[in-house]
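S.K.: predicted model and sequence below, questions to follow.
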Amino acid sequence: MILLIMAAGMGSRYGGMKQIDPVGKSGEFIVDYSIFDAKRAGFDKVIFVIKPEMRADFERTVGSRVRGVKVMYAYQTLDDVPAGAVIPEGRVKPWGTGHAVYAARDLIDDNFAVINADDFYGRESFEVVGEYLKNASRGRYCMAGFRLENTVTEHGTVSRGVCEVNADGMLTGITERTKIETGADGIAYLENGERFPLKADTTVSMNLWGFTPDFKDVLAKGFEKFVRNAASSDNPLKCEYYLPAAVKEAMDAGATVKVLKTGAKWFGVTYREDREAVVSSIGALSEKGEYPCPLWRGSILVTGGAGYIGSHTVVRLLEDNEDIVILDNFCNSSPDVIDKIKTISGKDVKLYEGDMRDRAVLDRIFNENDIEAVIHFAGLKAVGESVEKPLEYYDNNIGGTVTLLEAMRDHGCRRMIFSSSATVYGNDNRAPFTEDMKTSATNPYGWTKVFIEHILEGVCTSDPGFSAVLLRYFNPIGAHPSGLIGERPNGIPNNLMPYIMKVACGELPHLDVFGDDYDTEDGTGVRDYIHVVDLADGHAAALGYARSHTGAEAVNLGTGKGTSVLELVTAFEKASGKKVPYVIALRRAGDIAECYADVSKAKEVFGWTAKYDIDDMCRDSANFAFKN
């Protein structure tokens, strides 16, 4: 079934594009809740009827986060009229709610419901309409009938379709009242300066209708007649073809409309003053468990989730009660990490063993889970090895990411947190590195990160609703304070801290320090080391950001302080009480002298800062080393 949302109105009384004004705690709009309720009631497609200039706003906002339904767009424009029709000179606005549905005629191929974008109808309303439409046949329509007292506002007049309903619950007539207000003497409508009372339990239409596809024929015929007569009407520049008028035309031709009465409380933002009450009402429903917060929260796919950074991030996300799905091929990690994650968190995770280049595995994951976002760690990551095996790195890192993005596109997932690297700053920039610096690389591993960032920027350009956060970390070290998970690569370590740990534990004879002739204080390379627990916090913050923003955003995660290789060795010896023998070796291909971050953007954008210092990192690294 289709949910058609009339959203082209600019809300002149409210003073802006009211349809895209957030009312939920996580930036949701009223229309988000309507779509969510409709999805629960069995609707699987959404058509937004908008003005063409509104599309980018919709795609960046509600269109980017809605999942589980197909989203389409139809444009309501003044010139979308039957062939031969003459548009009155000077008219600028489209033709009303009947015309809005007419505008979507080419997309309607199933039974469909129609709603306003700025009205909150409540779950019950969609359930009764959806249940009716599942078995509705040609010419058998329905509408949700609200109690008038549940649909008024204290801040001004409203328009409502006042319904006449027979003993069988069928609509026999509907009168559009454009000035209904509530006062000390009750509810009344205004006409020619007089007040006419209305009963509180009067059944009214809030433009939640249910139709079968043949209604398109009614609209085509009725709208053609309306436009033909518009020039001779009393107000040719503003007259509108209202949806209730089209319904009456259908009823005159033999169609029936079942009135499905609902006790649901309507609320909406007709006037700017209404917004506070709407925010409060939706917040109360969320607190009662009627709606999750965030509304469109789904599962998070973590590629490489059994790896060093991935496992710590999974633990951190489980603290936030996220539902986690892990994909890992264990080429540089161990399956027993999954059990350790469960031990630390006391929660379960779903594991798929496989390669991100395997499209069949990815399709299985997306088909079996409601994946909201991907946190992408999977990839080969050793600088020296990448120089020796460039093709393997390009194939795995870039090829795998493209395959993953293709799967995300085909399954409607539009959020990615990407594990980038400070290596993208190359040799041409001077520390501290800022996100606006030109990117380059000095080795194939670094180039894979540069290329993937460019790919994600291109995806965001082509799809305004896509969100990509490019996290450029510096050098993660440390371990979870439990000592259960930490950096434990298979074989000889390529990274500094795990090598130090193996030397301290007697598994390797000494540490090779690659170069002592850099232009640094002690001649050894300087890096910005960051505690892996801080880094995991950064990913949680990035996920929150991606849920409410679109586009590509690069953000450094580091401490902003540089530490040399020999300074790190000394700090580890102090924390562990173990000596770490080392020898000076030749410089490693592709390495640079200094690499540390300007981390001000992370604080500004995410509200994130690193909490742990180098002594904390060495303490937790030593704890992990000696327990494992």
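M.R.: That came in fine, so what should we check first? Predicted model only: the values in this text are computed from it and were never measured.
S.K.: end to end on stretch 390-410, go ahead and measure it.
M.R.: Counting by Cα to Cα, to the nearest Å, you get 29 Å between the two ends of stretch 390-410.
S.K.: and for that stretch, what's in contact with it?
M.R.: Counting contacts by Cβ atoms under 8 Å, 6 or more residues apart in numbering, the residues outside stretch 390-410 that touch it are 303, 355-359, 362-363, 366, 371, 374, 376, 378-380, 385-386, 413-414, 416, 444-445, 447-449, 451-452, 455-456, 459, 463. Just so you know, the C-beta spots here come from the backbone N, C-alpha and C atoms, and that holds for glycine as well.
S.K.: repeat for stretch 335-346
M.R.: Stretch 335-346 is contacted by residues 306, 311, 314-315, 318-319, 326, 348-349, 351, 353, 480, 482, 484-485 when judged by Cβ under 8 Å, 6+ apart.
S.K.: hmm, try it at 10 Å
M.R.: For stretch 335-346, contacts defined as Cβ atoms under 10 Å, 6 or more residues apart in numbering pick out 305-308, 310-312, 314-319, 324, 326, 328, 330, 334, 347-351, 353, 480-486, 488, 628.
S.K.: list only buried entries from these.
M.R.: Neighbour counting over the contacts of stretch 335-346 (16 or more other Cβ atoms under 10 Å) leaves 305-308, 310-312, 314-318, 324, 326, 328, 330, 334, 347, 349, 351, 480, 483-486, 488 as the buried ones.
S.K.: just the residues you listed: which are in helices?
M.R.: With helices taken from DSSP state H, the overlap with the buried ones among the contacts of stretch 335-346 comprises 308, 310-312, 314-318.
S.K.: tell me the one of those residues nearest Asn623?
M.R.: In terms of Cβ to Cβ, no member of those lies closer to Asn623 than His312, at 14.1 Å.
S.K.: in space, what's closest to that closest one - neighbours in sequence excluded?
M.R.: Ranked by Cβ to Cβ, 6 or more residues apart in numbering and with sequence neighbours excluded, the top spatial neighbour of His312 is Ala536, at 4.3 Å.
S.K.: now do the SS call for the one you found.
M.R.: At Ala536 the chain is in helix, as set by DSSP: H, G, I helix; E, B strand; the rest coil.
S.K.: that one against Val302, yeah?
M.R.: No - distance between Ala536 and Val302: 11.0 Å, which falls outside the contact criterion (Cβ atoms under 10 Å).
S.K.: quick revisit: now the ones in helices among the buried ones among the contacts of stretch 335-346 as a markdown table including pLDDT and distance to Glu28?
M.R.: As requested, these are arranged in a markdown table below (pLDDT from 0 to 100; distance: Cβ to Cβ, whole Å):
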| residue | pLDDT | distance to Glu28 |
| --- | --- | --- |
| Tyr308 | 94 | 35 |
| Gly310 | 97 | 29 |
| Ser311 | 98 | 31 |
| His312 | 98 | 30 |
| Val314 | 98 | 26 |
| Val315 | 98 | 28 |
| Arg316 | 98 | 24 |
| Leu317 | 98 | 21 |
| Leu318 | 97 | 24 |
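S.K.: dump these into a markdown table; add distance to Met206 as well.
M.R.: Rendered in a markdown table, the data for these read as follows (distance: Cβ to Cβ, whole Å):
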| residue | distance to Met206 |
| --- | --- |
| Tyr308 | 54 |
| Gly310 | 48 |
| Ser311 | 50 |
| His312 | 49 |
| Val314 | 44 |
| Val315 | 46 |
| Arg316 | 43 |
| Leu317 | 39 |
| Leu318 | 41 |
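S.K.: for these, which one is nearest Arg275?
M.R.: Compare each of those with Arg275 using Cβ to Cβ and the shortest gap goes to Leu317, at 32.2 Å.
S.K.: just to revisit the earlier point, which neighbours do Ala536 and Val302 have in common?
M.R.: 309-311, 313-314, 317.
S.K.: list the buried ones in the longest helix along the chain?
M.R.: In terms of residue count, the longest helix belonging to the chain (DSSP H) is helix 444-462. Under the neighbour-count criterion of 16+ other Cβ under 10 Å, helix 444-462 has 444-453, 455-457, 459-460 buried.
S.K.: what do you get for stretch 581-597?
M.R.: By neighbour count with 16+ other Cβ under 10 Å, stretch 581-597 contains the buried residues 582, 590-597.
S.K.: quick check: Pro244 touching Glu164?
M.R.: No - Pro244 sits out of contact with Glu164 when judged by Cβ under 10 Å, with a separation of 11.7 Å.
S.K.: which one of these two has more residues nearby?
M.R.: With other Cβ atoms under 10 Å as the criterion, Pro244 and Glu164 differ in neighbour count, and Pro244 comes out ahead with 21 against 13.
S.K.: which of the three states applies to that one?
M.R.: helix.
S.K.: could you measure from it over to Phe211?
M.R.: Applying Cβ to Cβ, to the nearest Å, one obtains 13 Å for the distance of Pro244 from Phe211.
S.K.: what is in contact with these two at once?
M.R.: Here Pro244 and Phe211 have Met143 as joint contacts, going by Cβ under 10 Å, 6+ apart.
S.K.: isn't Val165 up against Thr203?
M.R.: Yes - the pair Val165 and Thr203 passes the contact test of Cβ under 10 Å, sitting 5.6 Å apart.
S.K.: where do the contact lists of these two overlap?
M.R.: Contact with both Val165 and Thr203 is made by residues 143, 145, 171, 174, 259, 261, according to Cβ under 10 Å, 6+ apart.
S.K.: name the nearest residue to Asn623, ignoring sequence neighbours.
M.R.: Gly483 (4.7 Å).
S.K.: and the one you found, how far is that from Cys618?
M.R.: In this view, Gly483 and Cys618 are 14 Å apart by Cβ to Cβ.
S.K.: the worst-scoring helix or strand of the chain on mean pLDDT: how far from the chain's middle?
M.R.: Taking all helices and strands of the chain together, the one with the lowest average confidence (mean pLDDT, DSSP states H and E) is strand 267-268, at a mean of 82. In terms of Cα atoms, centre = their mean, to the nearest Å, the centre of strand 267-268 is set 24 Å apart from its chain centre.
S.K.: show me what the helix or strand following that strand is packed against.
M.R.: Using DSSP states H and E, the helix or strand that directly follows strand 267-268 along the chain is helix 275-287. Helix 275-287 is packed against helix 30-40, strand 119-120, strand 267-268, with contacts defined by 3 or more Cβ pairs under 10 Å, 6 or more residues apart in numbering; DSSP states H and E.
S.K.: residues of the lengthiest strand in the chain that come out buried?
M.R.: With DSSP state E applied, the strand covering the greatest number of residues in the chain is identified as strand 171-183. Taking 16+ other Cβ under 10 Å as the basis for neighbour counts, the residues of strand 171-183 that come out buried are 171, 174, 177, 180-182.
S.K.: quick revisit: now for Pro244 and Glu164: what residues contact both?
M.R.: Taking Cβ under 10 Å, 6+ apart as the contact rule, the neighbours common to Pro244 and Glu164 are 171, 173-175.
S.K.: which one of those is nearest Gly63?
M.R.: Nearest to Gly63 among the shared contacts of Pro244 and Glu164, counting by Cβ to Cβ, is Ile174 at 32.0 Å.
S.K.: wait, what's in contact with the closest one?
M.R.: Counting by Cβ under 10 Å, 6+ apart, Ile174 touches 143, 160-165, 203-205, 242-245, 247-248, 251, 257, 259.
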